[in-house]
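Peer 1: Just the structure for this:
(6 chains, ligands or ions: 3)
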Amino acid sequence: MTITELLAQFANPETIKTLSITHKLLAGLVTTVLGMGITFIALILLQILISSMDRLINRGVAPKDNTQATQASVNKKSDVHEAQDDNELVAVITGVIAMQLKTSVDTIVIKNIAKIEDRSPLWNRAGIIEQMNSRL
Amino acid sequence: MTITELLAQFANPETIKTLSITHKLLAGLVTTVLGMGITFIALILLQILISSMDRLINRGVAPKDNTQATQASVNKKSDVHEAQDDNELVAVITGVIAMQLKTSVDTIVIKNIAKIEDRSPLWNRAGIIEQMNSRL
Amino acid sequence: MTITELLAQFANPETIKTLSITHKLLAGLVTTVLGMGITFIALILLQILISSMDRLINRGVAPKDNTQATQASVNKKSDVHEAQDDNELVAVITGVIAMQLKTSVDTIVIKNIAKIEDRSPLWNRAGIIEQMNSRL
Amino acid sequence: MLEPIVAFCKSTGFAALTPGAIIMMGVACILLYLAIVKKFEPLLLVPIAFGVLLTNLPVAGMMAPPILEIKDNMIHTIEPGGLLYYLYQGDCLGIFPPLIFMGVGAMTDFGPLIANPKSLLLGAAAQLGIFITFIGAISSGLFNAQEAASIGIIGGADGPTAIFLASRLAPHLLGPIAIAAYSYMAMVPIIQPPIMRLLTTKKERMIRMSQLREVSKRERILFPIIVTVVVSLIVPPASTLIGMLMLGNLFRESGVVGRLEDTSKNALINIITIFLGVTVGATASAERFLTVQTLAILALGVTAFGIGTAGGVLLAKLMNKFLKVPINPLIGSAGVSAVPMSARVSQVVGQKEDPGNFLLMHAMGPNVAGVIGSAVAAGVLLSLFGK
Amino acid sequence: MLEPIVAFCKSTGFAALTPGAIIMMGVACILLYLAIVKKFEPLLLVPIAFGVLLTNLPVAGMMAPPILEIKDNMIHTIEPGGLLYYLYQGDCLGIFPPLIFMGVGAMTDFGPLIANPKSLLLGAAAQLGIFITFIGAISSGLFNAQEAASIGIIGGADGPTAIFLASRLAPHLLGPIAIAAYSYMAMVPIIQPPIMRLLTTKKERMIRMSQLREVSKRERILFPIIVTVVVSLIVPPASTLIGMLMLGNLFRESGVVGRLEDTSKNALINIITIFLGVTVGATASAERFLTVQTLAILALGVTAFGIGTAGGVLLAKLMNKFLKVPINPLIGSAGVSAVPMSARVSQVVGQKEDPGNFLLMHAMGPNVAGVIGSAVAAGVLLSLFGK
Amino acid sequence: MLEPIVAFCKSTGFAALTPGAIIMMGVACILLYLAIVKKFEPLLLVPIAFGVLLTNLPVAGMMAPPILEIKDNMIHTIEPGGLLYYLYQGDCLGIFPPLIFMGVGAMTDFGPLIANPKSLLLGAAAQLGIFITFIGAISSGLFNAQEAASIGIIGGADGPTAIFLASRLAPHLLGPIAIAAYSYMAMVPIIQPPIMRLLTTKKERMIRMSQLREVSKRERILFPIIVTVVVSLIVPPASTLIGMLMLGNLFRESGVVGRLEDTSKNALINIITIFLGVTVGATASAERFLTVQTLAILALGVTAFGIGTAGGVLLAKLMNKFLKVPINPLIGSAGVSAVPMSARVSQVVGQKEDPGNFLLMHAMGPNVAGVIGSAVAAGVLLSLFGK
Ligand code: NA
Ligand code: NA
Ligand code: NA
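Peer 2: Ligands and ions are numbered 1, 2, ... in the order given. Purely as a prediction, here's the structure:
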């Protein structure tokens, strides 16, 4: 029988019982090849798109040295969304602290998820008012 | 055909196709007259009731001069509900600021919606305890 | 008829109408005996289990004098869950205050329900990170 | 042009306005007055009262069921039902009350009960009001067993339990029962003190009780698990209420799921409270509410509270016959639950005699035990009279 | 091994990708641009736009209904429906918009309206846009009465009302109508000023209005009750929207149910906004959206806003013929609601003439009145053209 | 009087108590111990464990379906179902997991992945565990393809994905699968390090990686849109999970819908987590859980984690054959997701060799890529074995 027929019988809870163990394993192998193949195709396609997005958007942005860049990214983020939890930040801080102070990571965690200030006092208003100021 | 029949056919997605454009427009006009009429009736009735409510409840409350009244209203409001967003307040502040400081309205907005303090620690308790103090 | 038959007829909205008032009252009495009996059995069983739990878990924990114990319990609790509302605390404070200062209970209430700090910045993360520190 | 206007006038609510509807709107306004001005359980009575108002608006049909068409394995909604009809499903399917109980559990500190397990006896005794009222309702001849049970449970002084049982046994009485339950819970400081004074001597009221022992975190964590298992084994129909109450309490005491505890006692319980309150009120349509039954329910409800109070106090006195260290009988009345109000009544009445006597912490024990007690009683009634 | 690969390729979305779907994804991206970069009503347009994107992903079937089997009193789900199909039930059963209105009520201060009840007339006049647009839609010959009504309501400048009516009368147009409503609400500062200047003299625009009186707490509490009863009696089909709007406002003004007010204007409204936005967007499938009707809806929608603005301004001028103390006609335009934006437009246009003239507080009156006005208009249309 | 007592005793849970039920209650207590004392994923394991407890309480029937009567186009509930049955509908209709994913998206920072797109390859490689385990499950002869796929997905180390797939393909295994998934996610620091050390040389483990570039806001906003479109086109069945994950992330990155982001990652995700956890646990009744299958699932699950770890590490080593700038193979193991734990494992194992080497930021890339990877794998399995 063809692989398609095999897969069909394999996928059917009734007919699978009729399959020999070899057939089952073959079907399992096909599934694995298909599954890993498609997973890789999808994620490689994403990789290509994201890399090209990078090239399209950020032209001539040179990486800075560690400390500065970190600083920057931290500040920049905290501008972008107010007081949101920032994994990179956690990373750096935890890393450093882990080496020296042995402070509980919790404290950092708690700080990070300070609830963001609600930016819209009336439902669907915030955006409006901002643009009014820009427009009028 | 009578206007009622016309409206009936007009309201029926099947029969409306059979109506001439003049009939349709007539029906549309009737709808408009009815709609605006009823809307006005409802809101005028509300106006009357609210005005009379005013007369019934607030006897001999003289309006104060702008600044004071504003002050008052602001304070009074913030007594009434703790730290709730108060459009009047926004209005005055925004107006003033818009003239001079050109501060982003957002800041005001954010302040206004500071989450009100939850007044009942146990479900359906707060009210109870208050009145207990009054009663016992 | 047996009590079981009586209860069966009593419980059936159709047949209950056929019962005499005496029968109804008898059935009501049986219900009361059953109900109170089972309620007591359940809660006495709980009492026994909780008392034995006490004996099993806390061996040789002597009660301290009022003020200290209170202090302790208050502190201990606030370690256990951060800033949660603690009825015992309310009790003591309210009691004392009620005697002297006549402060509104609300203020206490409000303090108590200060929202607990969210201890997990990423969904199902907090626990993980803690144990990591312990394990690695 | 006149015709359609006449037609429209016929379609307004004024045309369909009945005296009953007008009276019910008045009732709604009275309830709003009690809730907002008199602060009677506002968190429940405001939504309930508004639900009463909405359901009695003629023609609006906010409780109207949808018109469906079921054919060839498809369910089509020809005309959608009213908003309150859909929200009401959460009540009549028994979904909302247990979820509220989960929030209550996350808010409740069972420490005083764990520290003094004898409290459980008082929490059981105070359920006497439920069953005596049940007999009263039966002997009134106005109610069948299911209805009488739903009325008796008012004596549990516990809103969600009353709504849970009534929605299963007598949904048509949900409105008056819920209104009675919450109104009387708010009136506990008026109902209880005279009964407490009547049944106790000045000497008894002056009994001081020794400081409660500390409760370890481990006990606090084991408690909800034990209660869930034991109660559910003895009274399976009570397991939904008790189980969710204890799940919420476990969120609280485990100390490792702060976000779940926070949500269950804030966002979630508030959302459900709004839906539950409005839809419970919405069951009180004129034809259902303006009946002699309603008056009977209001009368029976207050007796239930009174008898429950007496039951607690009297058992406390009986216990003193056997205990070396006596307990103050005033804490018995707290067994009716109405947390934490009846506990504070115990303290205030106690302080009348001896200003230095702090009973509140001791009264919290029977108080929270009463919540468990009435859930158990509800379970028994459900197993006896449930479908 | 080739076969299954081919088979799988056939099952991908690429195989089923239609030009329409590609265009709709483009539309979704444009909407996201407007929402995120241009800040057009982001709270609604971000979910709506993403819903448009999701519903047009081939094969994904996120709006697919479930396959059921109904036999011997059991309903079995053979194959579950798509996520968005289930969430969409909240729209088409009319559950979500009233709940959003409850949150809006909890956020809205009706004080300026209570202080100046004349505002209600302006709020009524601004609904003219709804009905003129209705006639326009009819005369276009593209729409039946139900569809025309749903398009007209765009002129109400009130998202939930538009979605509520459209979901009842013309669910297949929900997508374009919602998108038009929110886009134009965001563009009010562009649409209104020219019309306002055209219809008013410099002298009129410079009219100063006297300080609004203070509003007592008692008035604030009575207001939602009165509005609910009166509006529901005159236009029963409006009672769901108005009732929930006023319930939310009562939560706010009563001052005794802080937690319910908080939840209804935060957690609850946010959750529903996400579900409503995504599912409303999800109705905009290519075959439904890429039609001449959609273009007509966009064109008619903007006229609706314009006519509404004119209606408010003109009535204000008319009123000045009779009033001793004249009102500034610029506040009339605020009657279209789009709270609080059109009110701020009134102020800004007024300040252009006289920087010392603060109209915002006075414009808030017609502004919130417009919300009530369009709900009433929606009720009328529902009673005329509803099933 | 004896009869009814006997009758009642027969109706208690004790009468119906089975050894299986007792064992399951023990299992529930063990899970609670792991969750509360050992802090194994408490946010999920506490509700799951309590669900196991509740569902195994005899007679309580908290998962009992309702008894309906369908006649003349009406659906009547003769007897309501159990609370957990109703909440469980959110699982088996596939509503809850995507909503949790929305919250996860709102919490997740994809910056490290955008900064280093190569991470995606590692995120793909780590899914190997899913499919090898699938083969293992098949060859065990105990499971059909649907069940084997649901077991394999445990290797995705992603709770919602596992629950989503299992609820579609093998709902009867939901309990053991969810319990295995979350337990092993908590045990990642024990499972991964030995494998990582075995497959890497000290020299490889000491590779330092250059600072990640900054990621612009624009990239952060475009990312979720691109991922949604691309993944949904290639694997349509994955679009629900990926779409909601990315919607949440768009809420976060757009920066204009703070309230929606806040609610989706707090109130909403917490509510759903409670319902999902309890009901997933409630599927683990004794007859379903106490089987040889469950043991096989636990054994297969841990291998899945191990193989996934190996897959990531080995691909990283392979990539180093081609890359000018080598990557540290330790970050490959983070591809199994279990965010952010396995990323921290990479850092800690790396620091064992070189305390100055900070891999965490680099490991976050494969880590979040693993979430996307396992959602894609789930989509493939769904398209192959779904109804
Ligand atoms: Na009670
Ligand atoms: Na409007
Ligand atoms: Na994964």
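
Peer 1: which residues of the stretch 1-150 of chain D score low on pLDDT?
Peer 2: Scanning the stretch 1-150 of chain D for pLDDT under 70 picks out the ranges D:1.

Peer 1: What are the boundaries of the helices in it?
Peer 2: With DSSP state H, counting those that start in this stretch, the ranges of helices along the stretch 1-150 of chain D come out as D:2-11, D:13-16, D:19-36, D:42-55, D:83-92, D:96-107, D:111-115, D:119-125, D:128-139, D:145-152.

Peer 1: Tell me who's in contact with the residue of the stretch 1-150 of chain D found nearest ligand 3.
Peer 2: Nearest residue of the stretch 1-150 of chain D to ligand 3 (CB to the ion) works out as D:Met102 at 31.4 Å. (Glycine included, C-beta is placed from N, CA and C.) Going by CB atoms under 8 Å, 6 or more residues apart in numbering or on different chains, D:Met102 touches D:244-245, D:247-248, D:251, D:264, D:268-269, F:274.

Peer 1: will you turn these into a markdown table that also has secondary structure, distance to D:Met319 and pLDDT?
Peer 2: Shown next, in a markdown table, are the contacts of D:Met102 (DSSP: H, G, I helix; E, B strand; the rest coil; distance: CB to CB, whole Å; pLDDT from 0 to 100):
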| residue | secondary structure | distance to D:Met319 | pLDDT |
| --- | --- | --- | --- |
| D:Met244 | helix | 31 | 97 |
| D:Leu245 | helix | 26 | 97 |
| D:Leu247 | helix | 32 | 98 |
| D:Gly248 | helix | 30 | 97 |
| D:Phe251 | helix | 33 | 97 |
| D:Ser264 | helix | 35 | 95 |
| D:Leu268 | helix | 39 | 97 |
| D:Ile269 | helix | 35 | 96 |
| F:Ile274 | helix | 39 | 97 |
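
Peer 1: most surrounded residue in these?
Peer 2: Compared across those, D:Leu245 has the highest neighbour count, 31 neighbours, by other CB atoms under 10 Å in any protein chain shown.

Peer 1: just to revisit the earlier point, could you dump the helices of the stretch 1-150 of chain D into TSV and include distance to ligand 2?
Peer 2: Shown next, in TSV, are the helices of the stretch 1-150 of chain D (distance: least, CB to the ion, whole Å):
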stretch	distance to ligand 2
helix D:2-11	21
helix D:13-16	22
helix D:19-36	27
helix D:42-55	22
helix D:83-92	21
helix D:96-107	33
helix D:111-115	53
helix D:119-125	54
helix D:128-139	51
helix D:145-152	45
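
Peer 1: which stretch among those comes nearest ligand 1?
Peer 2: Minimum separation from ligand 1 across the helices of the stretch 1-150 of chain D (CB to the ion) falls at helix D:119-125, 7.2 Å.

Peer 1: So the closest one, near chain C or not?
Peer 2: Yes. Counting by CB under 8 Å from any CB of the partner chain, chain C is contacted by helix D:119-125 at D:120-121, D:123-124.

Peer 1: now stretch D:282-301
Peer 2: No. Judged by CB under 8 Å from any CB, stretch D:282-301 and chain C are separated, with a smallest distance of 13.0 Å.

Peer 1: Now do the end-to-end distance for that stretch.
Peer 2: Chord length of stretch D:282-301, first to last residue, is 20 Å (CA to CA, to the nearest Å).

Peer 1: which parts of that stretch are buried?
Peer 2: Across stretch D:282-301, burial judged by 16 or more other CB atoms under 10 Å in any protein chain shown covers D:282-286, D:288-290, D:293-294, D:296-301.

Peer 1: Stretch D:204-222 now?
Peer 2: For stretch D:204-222, by 16+ other CB under 10 Å, it's D:204-205, D:207, D:209, D:211-217, D:219-222.

Peer 1: Stretch D:351-365 too?
Peer 2: D:351, D:353, D:357-365.

Peer 1: So which other helices or strands are in contact with the longest helix along chain A?
Peer 2: In chain A, with assignment by DSSP state H, the single longest helix is helix A:21-57. With contacts taken as 3 or more CB pairs under 8 Å, 6 or more residues apart in numbering or on different chains; DSSP states H and E, helix A:21-57 sits against helix A:3-11, helix E:2-11, helix F:111-115, helix F:119-125, helix F:128-139, helix F:145-152, helix F:217-234, helix F:360-385.

Peer 1: Quick check: mean pLDDT of it?
Peer 2: When pLDDT is averaged along helix A:21-57, the result is 92.

Peer 1: Just confirm yes or no for it near ligand 3.
Peer 2: No. If you take CB under 5 Å from the ion as the test, helix A:21-57 misses ligand 3, and the best it gets is 10.3 Å.

Peer 1: now that helix against helix F:217-234, angle please.
Peer 2: Angle of helix A:21-57 versus helix F:217-234, following axes from the mean of the first three to the mean of the last three CA atoms, to 10 degrees, is 150 degrees.

Peer 1: Now do the buried residues in helix A:21-57.
Peer 2: Residues of helix A:21-57 classed as buried by neighbour count (16+ other CB under 10 Å): A:24, A:26-28, A:30-32, A:34-36, A:38-40, A:42-43, A:45-47, A:49-50, A:53-54.
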